[in-house]
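In: Here is a sequence with its predicted model. Questions after.
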Amino acid sequence: MAFIQCDFYSEILGTRKSLNAIIPLANPSDASRINELPEQYPVLFLLHGLHSNYSVWSRYSSVERYANERGIAIVMPDAGRSFYTNMRHGYRYFDFFANELPRISNQLFPLSTRRSDRFVAGLSMGGFGAFKLALSCPEQYAAAASLSGALTLSNIEDPESLLPEWRVIFGETGVQSGSENDLAHLAKAHSELGAHPLSLYQCCGTEDYLYPSNQKFLEGVSELNLNLTYEEGPGEHNWDYWDAQIRRVIEWLPIQPDQNR
């Protein structure tokens, strides 16, 4: 595996952004393939949480080892404190993640462009972002996973104590039911449309302060026709839980066998 740190300019955001990437390499012991052109690898876009950045997955988890076991590329981009959303008074982060980041990643790395080979996952704020991206753009992803995700943002008491940027991101009225930031609404629209079926994975520790948010999301989508795997167990909002869960997520990803890989 190769670990790559990258800085690039975003036209949508109008500023420079960073990402880390983990890219499989051909086995040097296989002399018959060592001079071949780069292969097109399945890719997982892995999103960070509110209080961290793009570097944390490689610093605090063994994601590189887990990716190596499945031969999958990992792209870990920076999102600031944006909630992966087109901010009401700020940057168009959703447009960046939905449109520009996949294109730039394809230019930089040997990634497959097949929907069946593309996945998105994240923790906490990144869990919200992963589900929002997949449910809004199911034609781009085969699966999405949320680890301890902030999946229900409506009806939060005193949201600015949780996120001082709340009004900057979501506006004066916050996250309204039925809006583009209501994940249960997006899930309902996706299930009714019926096109581009998604595999969804949701997990949360029972001692996590976002456990009620996860339960509320589950309740909101319980009657929908979703391919949703839910797991819970002892765990808090910390890296002991997330390191174990990201391994489970990577094992769960529906990576299709390819005779050319």
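Out: Thanks, I have the structure now.
In: where in this structure is pLDDT low?
Out: For the chain, the stretches with pLDDT under 70 are 27-38, 258-261.
In: how about a cut-off of 80?
Out: Low-confidence segments of the chain (pLDDT under 80): 26-39, 154-159, 161-162, 174, 257-261.
In: Strands along that one, start to end?
Out: 2-10, 15-23, 43-47, 73-77, 118-123, 143-147, 199-205, 227-233 (DSSP state E).
In: now these in JSON lines, with mean neighbour count and distance to Ala98?
Out: Heads up, the C-betas are built off the backbone N, CA and C, glycines and all. As requested, the strands of the chain are exported to JSON lines (neighbours: other C-beta atoms under 10 Å; distance: least, C-beta to C-beta, whole Å):
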{"stretch": "strand 2-10", "mean neighbour count": "13", "distance to Ala98": "13"}
{"stretch": "strand 15-23", "mean neighbour count": "18", "distance to Ala98": "15"}
{"stretch": "strand 43-47", "mean neighbour count": "29", "distance to Ala98": "11"}
{"stretch": "strand 73-77", "mean neighbour count": "25", "distance to Ala98": "12"}
{"stretch": "strand 118-123", "mean neighbour count": "28", "distance to Ala98": "10"}
{"stretch": "strand 143-147", "mean neighbour count": "28", "distance to Ala98": "13"}
{"stretch": "strand 199-205", "mean neighbour count": "23", "distance to Ala98": "17"}
{"stretch": "strand 227-233", "mean neighbour count": "14", "distance to Ala98": "21"}
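In: out of those strands, nearest to Ser191?
Out: Proximity to Ser191, assessed across the strands of the chain by C-beta to C-beta, is greatest for strand 227-233 (9.7 Å).
In: just the angle between the closest one and strand 143-147, please?
Out: The directions of strand 227-233 and strand 143-147 differ by 20 degrees, with axes from the mean of the first three to the mean of the last three C-alpha atoms, to 10 degrees as the criterion.
In: start the count at 4, not 1, going forward
Out: Done: numbering now begins at 4, and the last item shifts to strand 230-236.
In: Strand 230-236 packs against which elements?
Out: For strand 230-236, the elements it packs on are strand 202-208, helix 214-224, judged by 3 or more C-beta pairs under 8 Å, 6 or more residues apart in numbering; DSSP states H and E.
In: Output it as PDB, nothing but the C-alphas.
Out: In PDB, the C-alpha atoms belonging to strand 230-236 read as follows (Å, rounded to 0.1, in the frame of the first residue of the first chain):
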ATOM      1  CA  ASN A 230     -31.200  -2.500   2.600                       C
ATOM      2  CA  LEU A 231     -30.000  -1.300   6.100                       C
ATOM      3  CA  THR A 232     -27.800  -3.300   8.400                       C
ATOM      4  CA  TYR A 233     -27.800  -2.000  11.900                       C
ATOM      5  CA  GLU A 234     -25.400  -3.000  14.700                       C
ATOM      6  CA  GLU A 235     -25.100  -1.800  18.300                       C
ATOM      7  CA  GLY A 236     -23.100  -2.900  21.300                       C
END
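In: That strand versus strand 202-208: what angle between them?
Out: On the basis of the same axes, to 10 degrees, strand 230-236 is oriented at 10 degrees to strand 202-208.
In: Bridged to the residue nearest to the spatial centre of the chain, which residues?
Out: Within the chain, one residue has its C-alpha closest to the average C-alpha position: by C-alpha atoms, centre = their mean, that is Ala124, at 2.8 Å. According to DSSP bridges, the partner residues bridging Ala124 are Leu49, Ala148.
In: How about the contacts made by it?
Out: The contact partners of Ala124, by C-beta atoms under 8 Å, 6 or more residues apart in numbering, come to 47-50, 130, 133, 147-150, 204, 249, 252.
In: ok, now Gly223?
Out: Remark: with contacts taken as C-beta under 8 Å, 6+ apart, Gly223 is in contact with Thr155, Ala187, Ala190.
In: same question, Leu256
Out: The neighbourhood of Leu256, defined by C-beta under 8 Å, 6+ apart, consists of Pro45, Leu47, Arg73, Ile75, Phe122, Ala146.
In: So the nearest residue to the third one once chain neighbours are set aside versus Leu47, what's the distance?
Out: Closest residue to Arg73 in three dimensions, ignoring its sequence neighbours and counting by C-beta to C-beta, 6 or more residues apart in numbering: Ile253, at 5.7 Å. Counting by C-beta to C-beta, to the nearest Å, the gap from Ile253 to Leu47 is 7 Å.
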